[in-house]
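Visitor: one predicted model, sequence on top.
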Amino acid sequence: MNQLPKDKNLPIEKLAACFNNTSATYKFYWLLSIVDSLEARIKPESTMIPKKELFARMISNAWYTINYFHISFGVQDKLQAAIETIKISEGLTIDAKKNDITNKLLRSENKITKKALAQFDNNVPHWFLSPWFPREDKVSVYKKSQHSPFYAPYALHTDFINVDILWANYFLLNAAFIRDFCYWNLSLFLQARNPNVPEIANKLIKPASRNSLTKQRKFWDIVLDELVSVKCIYTKRELIKGDFAVEHFIPYNFVSHDLIWNLIPADKSFNSRKSDKLPSFHKHFDPFFELQLKGLKIVREKEPRNKTLQDYLTITTDFQNAEVAEIKEKFKNTIQPLITIAANNGFEYLK
């Protein structure tokens, strides 16, 4: 989604231009927060929004991406540092709900939290209006934004913004399009700063629920029907059909997919303890690959049309005829870099 809906009464091209020459994520989350705030109001004509609310929503909108997926926002971006500070000062969990985060920050009297939010007032509200007031300083932008002939989206005041009614109606009418536009541009921005991190676009919004692993469990059920049992690569406990967890070797929080080549049966109790920790490549890769190879061979023989087998095409395009050494090398060249990159992004190793 690289275009915004047109409006004959508003300079939409200037709104799109807000994201030109962007060096931090602030503008994306600022606009998302304005839309969220307008939608949360009971009366559509209520267009005065406290800055503290907008800053709180910026934090809650970025919370999941930073805390759950460990995406880097870049060295210049203070949003990431603010979230780390607020997580500690408010005692919030990494998977806290968006509305819960916003409400807690709005009510907070914690001096550390208030300072972390207030810092965004130095630049974000007036720099967002640069397309309307190019090369103007902060004082000038505040003053000029309060005069309607400039058709700026909002007027700036000390503690609040007042969204222009035409712009407010546009934001509400096109909320879904604006969010798509923001997230599309944000994903491009973050992908450039995290070039080796997969599925950036899927790490911007917390899903309502994770996908079921039913078909992946059936894959391993076929294997266990043949072998009767397999050993958990972590605990060495014997696993039987109906008594195992389907485990992401590299954490879902990093890969953001459920492809079978990253899923193995594991000890249920250990799986819950492992959480989003990384396996040791040197310690766990060989038993992981051996289990994957058994699964691949058995399912290919027993159910050659099993659609889950297609997942292996992202590892090797010729898993039907390739030699074991070649398949292992393909796995190694996929798994090892992902573990290294995940560690560099802040994921911890198993201890």
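Guide: Good, I have the coordinates.

Visitor: check contacts around the residue minimising distance to the centre of the chain.
Guide: In the chain, the residue lying closest to the centroid (Cα atoms, centre = their mean) is residue 203, at 2.2 Å. Listed by Cβ atoms under 8 Å, 6 or more residues apart in numbering, the contact set of residue 203 reads 64, 65, 68, 69, 71, 197, 256. (C-beta placed from N, C-alpha, C; glycine too.)

Visitor: the second one: which element?
Guide: Think residue 65. Here residue 65, judged by DSSP states H and E, is contained in helix 51-67.

Visitor: quick check: mean pLDDT of that helix?
Guide: Helix 51-67 comes out with an average pLDDT of 95.

Visitor: packing partners of it?
Guide: Judged by 3 or more Cβ pairs under 8 Å, 6 or more residues apart in numbering; DSSP states H and E, helix 51-67 is in contact with helix 26-40, helix 78-90, helix 98-107, helix 111-118, helix 124-127, strand 160-163.

Visitor: got the angle for the second one vs helix 26-40?
Guide: This means helix 78-90. Angle, helix 78-90 to helix 26-40, by axes from the mean of the first three to the mean of the last three Cα atoms, to 10 degrees: 60 degrees.

Visitor: before we move on, what about the fourth one?
Guide: Note on geometry: by the same axes, to 10 degrees, helix 111-118 and helix 26-40 are set 100 degrees apart in direction.

Visitor: all numbers from here: first residue = 154
Guide: Yes, from this point I'll number from 154; that puts the last item at helix 264-271.

Visitor: now helix 264-271: buried residues?
Guide: 266, 269, 270 (16 or more other Cβ atoms under 10 Å).

Visitor: so can I have JSON lines of these showing pLDDT and distance to residue 313?
Guide: Formatted as JSON lines, the buried residues of helix 264-271 follow (pLDDT from 0 to 100; distance: Cβ to Cβ, whole Å):
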{"residue": "266", "pLDDT": "96", "distance to residue 313": "19"}
{"residue": "269", "pLDDT": "96", "distance to residue 313": "19"}
{"residue": "270", "pLDDT": "96", "distance to residue 313": "14"}
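
Visitor: closest to residue 433 out of those?
Guide: residue 269 (35.8 Å; Cβ to Cβ).

Visitor: distance of that closest one from residue 495?
Guide: 27 Å (Cβ to Cβ, to the nearest Å).
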